[in-house]
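>>> structure for this input, please:
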Amino acid sequence: MTHSPLLRSDETLFRDPEVFELTYLPDHLHHRDAQTRELAFLIRPALRGASVGSAVLRGPPGTGKTTTVRRIFREVREATKRVVPVYVNCRHDRTALAVYRSIFAQVCGCPAPSAGRYLDEIKQGIATRLHDENAALVVCLDDADELIPAGTYNTLLYQLLRLYEKWDVRKAGVFAVTSDLALNLYAEADPSVRSVFHPAEVTFWPYTKTEVREILADRVRQGLYPRVISKVLLDRIATIAAAEQDIRVGIDLLRGAVIRAEKDGRRRVGPEDVTAAARAITTPSLLNRAAELSAGERELACWIAERSRDGGDMASGAVFEAAQDYQGRTASHEHLNALAKAGIVDLAPGIGRGRAIRLRYDPEDIFAVCNARTKPAKTRT
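Numbering: from 1, shown residues only. Just a heads-up that it's a prediction; the model follows:
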């Protein structure tokens, strides 16, 4: 691949494209050792014939919750038959029947009976296999908060955790996963559930930029041929992903930029590839953030984006002085803080004239999104 600057039609930049799929399970989970140890501690008693513990896994999207659970579940399956780990995606399976059919298929290794059969027959099939194997059940309810509006959260927790009362099986464990930081899944359980649901709290904090870069560098080593992407561009992608607090953004950016270079027949990713991929991936996020802004905050965002594009002084003091003619200094200060809270700008320590204002998105994208009137703005001033 070094003889020509252009790719032949039968060449690719991907050593292993699967590495950039969101379902890919890496051989090593970077920076999730503490969470892995906690989950392993809860599962370990089942290896001695005791029950599995339960947990609530909480963290923003893209912080490794699902990957950590799926990774440790794979290790459990490879190491022992005394524990049967089951993963349920509650965005797909929200009804009791759908959840139990998913559990049955993973415990018994075959599809559950048809939907016309009684639910108790599916439960009995699950319990029979667990009893025959003398195995403990641990169920991960990913996006468990989706079960609350569906009206099945308490019912499922109660039935799963008390499965041992009706059938001769060990008490099951439940790992309930949520990305809603304002939601307390334990408090959402009714008293009869809380009497048997005593979860450990396992928190997944957003990755730092350094951690994001290490994770992405590992994916690059595994999934791309040498010299496809430079360290500078990898740093840029890591910065974007860290700002979004979502490792999936970085993985998608890598894949998108490489696909764009490959489509053009080039052997290396260029800055324009990262820019194009970033715009396609981060614009929806920017739209969501801008939708929460008031009219005044959108106006200031547009003005700052123009100023940044034109090379103006981005110190907060200079911005306040220039913006107060049409917004007032107090309003500009409040609006700027709102933009920082919304994740559209960062306020970094500056020299001489207050904090430095740094845009998290391309100035042209901020101007286009905040100048649009496609969504009604809040009335806050």
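
>>> can you show me the strands along the stretch 251-381 of the chain?
345-348, 356-359 (DSSP state E, counting those that start in this stretch).

>>> where does the stretch 201-350 of the chain dip in pLDDT?
Residues of the stretch 201-350 of the chain that meet the criterion pLDDT under 70 lie in 316, 320, 323-329, 348-350.

>>> right, and residue 251 touches residue 220 too?
No - in this structure residue 251 lies outside contact range of residue 220 using CB atoms under 8 Å: 10.4 Å. Every residue, glycine included, has its C-beta placed from N, CA and C.

>>> with residue 55 as the reference, name the closest of the strands of the stretch 251-381 of the chain.
When the strands of the stretch 251-381 of the chain are ranked by distance to residue 55, counting by CB to CB, first place goes to strand 345-348 at 33.5 Å.

>>> and the contacts of that closest one?
By CB atoms under 8 Å, 6 or more residues apart in numbering, the residues outside strand 345-348 that reach it are 243, 301, 304, 316, 336-337, 339-340, 355-360.

>>> in its sheet, which strands sit next to that strand, and in what direction?
According to DSSP bridges, strand 345-348 forms sheet pairs with strand 356-359 (antiparallel).

>>> show me what counts as buried in the strand it pairs with.
Along strand 356-359, the positions that meet the burial threshold by neighbour count (16 or more other CB atoms under 10 Å) are 356-357, 359.

>>> and which of those is nearest residue 71?
Distance from residue 71 was checked for each of those by CB to CB. The minimum falls on residue 359, at 35.8 Å.

>>> could you pull out the strands for the stretch 101-250 of the chain?
With DSSP E, counting those that start in this stretch applied, the stretch 101-250 of the chain shows strands at 136-142, 173-178, 200-203, listed in chain order.

>>> tell me what angle the longest one forms with strand 173-178.
Counting by axes from the mean of the first three to the mean of the last three CA atoms, to 10 degrees, strand 136-142 lies at 10 degrees to strand 173-178.

>>> run through who's touching strand 136-142.
Where contact means CB under 8 Å, 6+ apart, the residues beyond strand 136-142 that reach it are 43, 46, 50-52, 65-66, 69, 73, 82-91, 99, 103, 107, 126, 130, 147, 156, 160, 163, 169-177.

>>> how about stretch 255-262?
Contact with stretch 255-262 is made by 7, 12-14, 17, 20, 224, 228-229, 233, 237, 267-270, 273-274, 276-277, 280-281, as judged by CB under 8 Å, 6+ apart.

>>> now, those residues that are in helices?
Residues of the contacts of stretch 255-262 located in helices (DSSP state H): 233, 237, 273-274, 276-277, 280-281.

>>> just to revisit the earlier point, quick one, which of the contacts of strand 136-142 are buried?
With burial judged by 16+ other CB under 10 Å, the buried subset of those is 43, 46, 51-52, 65-66, 69, 73, 83-90, 99, 103, 107, 126, 130, 147, 156, 160, 163, 169-177.
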